[in-house]
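In: turn this into a model:
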Amino acid sequence: PIPAALTKDPFATHRALPLLLPLFLTISLGIDKIIHGKKVLLVLVGFFILLFSSLILLWRSYFVLFPQERAAVWGYGFEQLAQEIKSRKQDHFVIDQTRIKPAYISLAFFLKYPPEKFQQTIDSTKKENYYMNLKFDNHYKFANLETKNVDWEEDIYKEQIIVGDSFTISRQQAEEHFLSQVFEIKDPLGKIVFIGYRTNPLEKCKKINFKSSQCKT
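Out: Coordinates of the predicted model:
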């Protein structure tokens, strides 16, 4: 149990599997001793008390606290983001992957994007080298969205909506690149999960006198 106990981050379950057998043996021996000691009624009363209290704690943690306090950790906001993408079919979305965990599969699910079409958009080398290519590629493009790391030298010069979390785009960056906020998605605690900014390439190019190669004269 020592390696599993000293692991700060979530650990693989199989690390603790060797503990099951001795626990089963210990519990079995305890039950056997109680039964032979003619204390069955006491065991049953204790069992139901333990069961009832466990169910109360489960209800409190899983159905009351968990959906509120840990919502963002368990992917809260992707469904709402998918609705924003659906409602703006004429816009192209860039989902920043610098800080946000991989978003492509959750968005494909909530957008109900056909699996056969999604598979056609994926580079075949990802499948062929699945176990050999250790570097994760977060670039996916399907429907009217793209998941990747935002390229500040190119993406701000395209008509699109850039989506990140509350730290992806600062107020200074928004003002510098003429980005306008179009929506924000908050978790049940009021913390911003996703925030979307619309780019303004024309105003950006005017600001720098069309010196960037990305500006169209």
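In: just checking, Glu146 touches Tyr140?
Out: Yes - shown here, Glu146 and Tyr140 form a contact pair, counting by CB atoms under 8 Å, at 7.2 Å. Heads up, the C-betas are built off the backbone N, CA and C, glycines and all.
In: which one's more surrounded, the two?
Out: Taking neighbours as other CB atoms under 10 Å, Glu146 and Tyr140 compare with Tyr140 leading, 22 against 17.
In: mind giving me the packing neighbours of the helix or strand that contains Leu44?
Out: Following DSSP states H and E, one finds Leu44 within helix 40-58. Secondary-structure packing of helix 40-58 (3 or more CB pairs under 8 Å, 6 or more residues apart in numbering; DSSP states H and E): helix 20-36.
In: which elements pack onto the helix it packs on?
Out: Under the contact definition 3+ CB pairs under 8 Å, 6+ apart, helix 20-36 sits against helix 40-58.
In: mind checking the pLDDT average for the very next helix or strand once past the helix it packs on?
Out: Remark: after helix 40-58, the chain's next helix or strand is helix 66-69, criterion DSSP H and E. For helix 66-69, mean pLDDT is 87.
In: now do helix 66-69: distance to the chain's middle.
Out: Centroid separation between helix 66-69 and its chain, computed with CA atoms, centre = their mean, to the nearest Å, is 15 Å.
In: quick thing: my sequence starts at 34, can you match it?
Out: All set: I'll call the first residue 34, so the last point we hit is now helix 99-102.
In: with just CA atoms, put the very next helix or strand once past that helix into PDB.
Out: Once helix 99-102 ends, the next helix or strand along the chain (criterion: DSSP H and E) is helix 111-120. Extracted in PDB, the C-alpha atoms of helix 111-120 (Å, rounded to 0.1, in the frame of the first residue of the first chain):
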ATOM      1  CA  PHE A 111     -18.600  21.400 -23.200                       C
ATOM      2  CA  GLU A 112     -22.300  20.800 -23.800                       C
ATOM      3  CA  GLN A 113     -23.000  24.500 -23.400                       C
ATOM      4  CA  LEU A 114     -20.100  25.300 -25.700                       C
ATOM      5  CA  ALA A 115     -21.500  22.900 -28.300                       C
ATOM      6  CA  GLN A 116     -24.800  24.800 -28.200                       C
ATOM      7  CA  GLU A 117     -23.000  28.100 -28.800                       C
ATOM      8  CA  ILE A 118     -21.300  26.500 -31.800                       C
ATOM      9  CA  LYS A 119     -24.600  25.100 -33.100                       C
ATOM     10  CA  SER A 120     -26.200  28.500 -32.800                       C
END
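In: now do helix 111-120: everything it contacts.
Out: Under the contact criterion CB atoms under 8 Å, 6 or more residues apart in numbering, helix 111-120 has outside partners 126, 128, 136, 139-140, 143-144, 176-178, 196, 216, 218, 227, 229.
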